Each structure stands twice: as structure tokens, then as C-alpha cells.
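> have a look at this prediction, sequence included:
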Amino acid sequence: MLKFLMNHKAFAQKMESYTILYVEDDAMIRGSITEFLSRYCKKIYECDNSEEGLELYYKYKPDILLLDIDLPGMSGIDLATLIRKQDIKTCIVISTAYTNKEFMIKAVELQLTRYLVKPVTSEELFSAFEKCLDELQSGDSIDLGGGYIYSKKSTAIIHKNETIILRKKEAELLEFFITHENEVVRYEMLEYCIWGDEVMTRDAIRSQIRNIRKKINIDLFTNISGIGYKFQRKQLL
């Protein structure tokens, strides 16, 4: 319990300089989550539709967007798409009552920080916003632990004085797992989100994971037999 409370204290200290825009049409859910997040962040702006959300985005330029997917008029995905055309830095978290192939592919295209399946718990919010903070504070470089740094710009891993170049699919896989850290990622999700309509066997996916493991001398992937993988950075183990 002490560790849990200290984590929240550290989270509050990191969040205190960041702003959030929250768009959710369910007043009860919006009120509850707004009250929760307002304890930690510098300021939270909230509304119930994408059109007003877009106005608030342009006016305040928040650091993090929390968008419901099912909104009246323009959907949360459509709003995120509009914003991503001109802004690739702002962190976007989507909340949704469902997941499907089309949504998961869109989530990758929009470089979402995290998507949350309703009903969302406070700990899931906590985890999602910690991931946002990690992205905001690390910029291009992501610390994998063990002295390994991943650069999204160069799609390479830097370790001491060595630069390890990743192939296109290796980089896409690693970035996908970083986005879904501490989650069990199923083979089906990888097939949909990374390979789309291409035919990809589980053995081929395992081969790509092995290639990444050979290039990084720390074990980031835990195999979940018959299901997929779980990714955890070394310092979080």
C-alpha cells in the first residue's frame, strides 16, 4: 500500500505542469473522471462533443487528449484524425466500449498512446497517463532499460557506443509493444495492427520477436503460451 501511495504522489508531481482535454458525452462518466484527473494535472478542460473539443484544443493546446470514441456528430476517432494531420506530439488516449479490427488498425495509424475499454478504472487511467508522461518527457528517445535506448526517429537502438538498426517490421513491432506495455498482446492483434491484410503466421511473428531479442541483450518479452506476448521494460520489472 505504501508503494502504491508513493507512486500516486510521484505521478501528481509529474502531472502538475500538464494540461488535459477530455471529451465525453456521458455527463456522469465525464464528471467522475474529471474529478479524478483534476487532483493531479495543472488544468483539465472538458466538453461533451468533438466540435467544442476541437475549439478547446485550438484555444488551449493541451498536452494530453482523452477522447471517447462514440460522440454525437463527429466521433472521437474523427477528432483525433483531424488533430493528427497537424500535430503528432500531443498524446491521445481513446476510451471505447468495444474493440475490432478496424479500430485497432486506426489506433496504430493515429499513434494513440493508449486505448481504454470501458468501464475504465482509476488504475487504468493512472497507467495510461503514466504512459503519456513517459512520451512527453522522453521525446524521441525511449529508455528500454539495461542501457538500451530506442530512437523512434532513426528506428534504431543505442547501447553505449553502438547503434543497432531495426528493420521496418521490427521497429513497428517494438513501438506497438511499447504503446501496449504491461498488456497481454494477442497474436490476432499483431496480425491486424502490424500486418493488416497480409498473411502472417504465428511462427513468423515469433521469428520477428526473436530477431528483436537477438539485437537487445535484455529480455523485454514474456511469451504467453498460445496467446501472445507481454512487454515490460527492464527498469519496471
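Cool, the structure landed. Note that the coordinates shown come from a computational prediction; the quantities given were computed from them, not determined experimentally. Numbering: from 1, shown residues only.
> surely residue 222 forms part of a helix?
No. Secondary structure assignment (DSSP: H, G, I helix; E, B strand; the rest coil) places residue 222 in strand, not in a helix.
> quick check: the nearest residue to it once chain neighbours are set aside vs residue 167, distance?
Taking CB to CB, 6 or more residues apart in numbering as the measure, residue 222 lies nearest to residue 230, with 4.5 Å between them; neighbours along the chain are not counted. Quick note: C-beta positions are derived from backbone N, CA and C, even for glycine. Between residue 230 and residue 167 the distance is 23 Å, computed by CB to CB, to the nearest Å.
> what do you get for residue 155?
As for residue 155, its distance to residue 167 is 8 Å (criterion: CB to CB).
> neighbour count: the two, which is higher?
Under the criterion of other CB atoms under 10 Å, the comparison of residue 155 against residue 167 puts residue 155 first, with 16 against 13.
> per-residue confidence at that one?
At residue 155, the pLDDT value in this model is 84.
> where does residue 140 land on pLDDT?
Per-residue confidence at residue 140 stands at 64 (pLDDT).
> mind checking pLDDT for the nearest residue to residue 27 once chain neighbours are set aside?
Nearest non-adjacent residue to residue 27, counting by CB to CB, 6+ apart: residue 48, 7.1 Å away. With respect to pLDDT, residue 48 scores 97.
> likewise for residue 109?
Model confidence at residue 109, given as pLDDT, is 73.
> and if you look at residue 4?
Per-residue confidence at residue 4 stands at 44 (pLDDT).
> with residue 234 instead?
pLDDT for residue 234: 68.
> start the count at 689 instead of 1 going forward.
That works, and once the first residue is 689, the last one we named lands at residue 922.
> can you pull the contacts of the most centrally placed residue in the chain?
Most central residue of the chain, judged by C-alpha distance to the mean C-alpha position with CA atoms, centre = their mean, is residue 801 at 2.3 Å. Shown here is residue 801, whose contacts under the criterion CB atoms under 8 Å, 6 or more residues apart in numbering are 752, 779-781, 816, 819-820, 823, 867.
> can you redo these as TSV with secondary structure, pLDDT and distance to residue 698?
Supplementary listing: those in TSV, determined by DSSP: H, G, I helix; E, B strand; the rest coil; pLDDT from 0 to 100; distance: CB to CB, whole Å:
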residue	secondary structure	pLDDT	distance to residue 698
752	strand	96	17
779	strand	92	18
780	strand	94	23
781	strand	95	20
816	helix	90	16
819	helix	86	15
820	helix	89	15
823	helix	80	17
867	helix	80	22
